[in-house]
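Student: coords please:
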Amino acid sequence: MKLTAICLAMLLLVPTPVMAQDPGDWVLGRWQGGQYWFPGVVQSRSGKNVTIIYDDGTRETLSTDRVRPYNWTLGSRVECRWAGGSDWYGGKITGISKDGTQLDIHYDDGDRERIATGGCRSS
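Tutor: This is a model prediction of the structure:
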């Protein structure tokens, strides 16, 4: 009995590939199977596939193992497109708007800006 409780506790600690995948859930998806996670909202789910509308307006259908719950919080490391440009710069989240759609970023080079979540990614 004691061993069963320990095994159950250990199973609960093992991360699962997806815990958020229902329509309306805010998630991070691996755009085109790449190494980076981008924020978006689940539009639909069919079996092991999830369709996401990313915060930058793009859309993609992924397998559930390429989707995880949105977990950016104060202090999270991200890369963002400074001033809406095309280059990515590393920094950390120092503030979040009340609705969660805008992030205050303190870049590694000392610059700061408020940017929409659609302009950021994480690894």
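
Student: run through this protein and note the low-pLDDT ranges.
Tutor: Along the chain, the parts satisfying pLDDT under 70 run over 1-20.

Student: center of it - which residue?
Tutor: Here the mean C-alpha position of the chain is nearest to the C-alpha of L28 (C-alpha atoms, centre = their mean), at a distance of 2.9 Å.

Student: element containing that residue, please.
Tutor: Here L28, judged by DSSP states H and E, is contained in strand 26-30.

Student: for that strand, packing partners?
Tutor: On a contact count with 3 or more C-beta pairs under 8 Å, 6 or more residues apart in numbering; DSSP states H and E, strand 26-30 meets strand 37-46, strand 49-54, strand 59-63, strand 67-69. Any C-beta I mention is one placed from the backbone N, CA and C, and that applies to glycine too.

Student: could you list the domains of the protein?
Tutor: Here the domain parsing of the chain from automatic domain parsing is 17-69, 77-121.

Student: check the offset of the last one from the chain's centre.
Tutor: In other words, domain 77-121. From the chain centre to the centre of domain 77-121 is a distance of 13 Å (C-alpha atoms, centre = their mean, to the nearest Å).

Student: likewise the longest one?
Tutor: Centroid separation between domain 17-69 and its chain, computed with C-alpha atoms, centre = their mean, is 9 Å.

Student: what's the separation between G90 and Q32?
Tutor: Applying C-beta to C-beta, to the nearest Å, the value for G90 to Q32 is 21 Å.

Student: sorry, that was for K98
Tutor: Separation of K98 from Q32 (C-beta to C-beta): 32 Å.

Student: what about these two, which has more around it?
Tutor: Q32 (11 against 6; other C-beta atoms under 10 Å).

Student: for E79, give me its contacts.
Tutor: For E79, the contact set (C-beta atoms under 8 Å, 6 or more residues apart in numbering) comprises Y36, W88, Y89, G90, G91, C120, R121, S122, S123.

Student: using CSV, list the CA coordinates for the strand holding L28.
Tutor: Extracted in CSV, the C-alpha atoms of strand 26-30 (Å, rounded to 0.1, in the frame of the first residue of the first chain):
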residue,chain,number,x,y,z
TRP,A,26,-3.7,30.1,-23.8
VAL,A,27,-0.7,27.9,-24.7
LEU,A,28,2.9,27.9,-26.1
GLY,A,29,3.4,26.0,-29.3
ARG,A,30,6.5,24.9,-31.2
